[in-house]
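Novice: Quick one: sequence and predicted model below, then my questions.
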Amino acid sequence: AKAQGKDTFCFFTPEMDQETVRKFTMESYLRQALSKDQLSLHYQSIVSASSGDVVGAEALLRWHCPEYGQVPPDQFIPLAEESGLIVTIGDWVLETACLQAAEWMATACVPFKIAVNVSYPQFRDGHIVSTVEKVLKKSGLPAQCLELELTERLLMEDERGCAEALKKLSAMGVQLSIDDFGTGFSALNYLQRFPVNTLKIDRSFVAELDCSKESPALISAIIQMAHALGIEVVGEGVETRQQVNFLTLQTCDYLQGYHFARPVPADQFQLQFSESCYL
Ligand code: C2E
Ligand code: CA
Ligand code: CA
Ligand code: CA
């Protein structure tokens, strides 16, 4: 039964395995998550490698499901993408993150950028462009303070469909970044075709810094290539002082990871941020 694709007819038969049943059940719960107020955002600091200042945060979605408890995004985001629920959920994420960032901006003494993960279905029919326009207007957040994190897959899958939306967003001043850089498709020509501002080096490369010979070479090559193209670089999943030192030495622009801060709820982030701000 497991060999069946995700498009198979949807009713339960004895041969359907537990995982499939769990998936359908979870999807029906996810369908109600927004209206039942079970979604929230956590924020993880992004720091400047040169100054150590918090210069922004990545918004990370959290779901507390009454049935399954805290469900990891790696489990429910794919489900939300397959079912199309990610469009409504993504709108909520964008609005919540921008309203929150605008509030922090109002009290902060440093420039601040909010990074929001977006998925391919949000780009259909240019949906995301109208959402971003609406949300920036409502929140008063300057477009330059919003950065959308895209996957390499998104840029390869439907290049034409996304290209127009990405150009419009970029023309508005919205920043675009490539998430998990280095793990997706290996063709790099999309870096020429899309207005990319930032690359985020996947945390698997950073994690292997201390134990593989290739990883330092790859990271240093990625940073040099990005800088040659006028693109800034974030090192993700930074957990140790040695990783900080290496990335800083390689002129990586920004760092993110447990070494600095874990993703935390908004009120906790505000405390961290204002402390780093008024010191
Ligand atoms: P991501 O965009 O690559 O987000 C970074 C993930 O790495 C987060 O996992 C974060 O908690 C984790 N992380 C940060 N620093 C460290 C570190 O030092 N060490 C380790 N081991 N991990 C670290 P999280 O929050 O579980 O999110 C997983 C993925 O779910 C995200 O990966 C992103 O692809 C997706 N996601 C989360 N929120 C959203 C959303 O609002 N929309 C969409 N479309 N996807 C989202
Ligand atoms: Ca991300
Ligand atoms: Ca990432
Ligand atoms: Ca990821």
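Specialist: Perfect, I can see it now. Numbers count the residues shown, from 1 in each chain. Ligands and ions are numbered 1, 2, ... in the order given.

Novice: And the residue of the stretch 151-279 of the chain closest to ligand 2?
Specialist: Closest to ligand 2 within the stretch 151-279 of the chain is Asp179: 4.2 Å, counting by Cβ to the ion. In short, each C-beta sits where N, CA and C put it, glycine included.

Novice: quick one: contacts of the strand or helix carrying that residue?
Specialist: For Asp179, the element it lies in under DSSP states H and E is strand 175-181. With contact meaning Cβ atoms under 8 Å, 6 or more residues apart in numbering, strand 175-181 is reached by 113, 115, 117, 144, 146-152, 155, 166, 169-170, 191, 194-202, 222, 234, 236.

Novice: so which of those are also by ligand 3?
Specialist: Glu236 (Cβ under 5 Å from the ion).

Novice: Can you select the buried ones from the contacts of strand 175-181 in PyMOL?
Specialist: A single PyMOL command suffices to select whichever of the contacts of strand 175-181 are buried according to 16 or more other Cβ atoms under 10 Å:
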select buried, resi 113+115+117+146+147+148+149+150+151+152+155+166+169+170+191+194+196+197+198+199+200+201+202+222+234+236
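
Novice: Quick check: Phe273 vs ligand 1, distance?
Specialist: Look at Phe273 and ligand 1: by Cβ to the nearest ligand atom, to the nearest Å, they are 17 Å apart.

Novice: quick one: contacts of the one helix or strand that residue maps to?
Specialist: Element membership of Phe273, judged by DSSP H and E, is helix 266-278. The contact list for helix 266-278 (Cβ under 8 Å, 6+ apart) reads 41-43, 45, 53-54, 57, 100, 104, 107-110, 261, 264.

Novice: Any buried residues in that helix, and which?
Specialist: Per 16+ other Cβ under 10 Å, helix 266-278 contains these buried residues: Ala266, Phe269, Gln270, Gln272, Phe273, Ser276.

Novice: what is the mean pLDDT for that helix?
Specialist: Computed over helix 266-278, the mean pLDDT rounds to 83.

Novice: And for stretch 39-50?
Specialist: 97.

Novice: List the buried residues for it?
Specialist: Buried, per 16+ other Cβ under 10 Å, within stretch 39-50: Leu39, Leu41, His42, Tyr43, Gln44, Ser45, Ile46, Val47, Ala49.

Novice: hey, C-alpha coordinates of it in PDB?
Specialist: Extracted in PDB, the C-alpha atoms of stretch 39-50 (Å, rounded to 0.1, in the frame of the first residue of the first chain):
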ATOM      1  CA  LEU A  39      -0.600  28.200  15.000                       C
ATOM      2  CA  SER A  40       2.000  30.500  16.300                       C
ATOM      3  CA  LEU A  41       5.400  31.900  15.200                       C
ATOM      4  CA  HIS A  42       8.700  31.600  16.900                       C
ATOM      5  CA  TYR A  43      11.600  34.000  16.000                       C
ATOM      6  CA  GLN A  44      15.200  33.100  15.700                       C
ATOM      7  CA  SER A  45      17.900  35.800  15.800                       C
ATOM      8  CA  ILE A  46      20.100  36.500  12.800                       C
ATOM      9  CA  VAL A  47      23.300  38.300  13.900                       C
ATOM     10  CA  SER A  48      25.900  40.300  12.000                       C
ATOM     11  CA  ALA A  49      29.100  38.300  11.900                       C
ATOM     12  CA  SER A  50      31.300  41.400  12.100                       C
END
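
Novice: now that stretch, how far from the chain's geometric center?
Specialist: A distance of 10 Å separates the centroid of the chain from that of stretch 39-50, by Cα atoms, centre = their mean, to the nearest Å.
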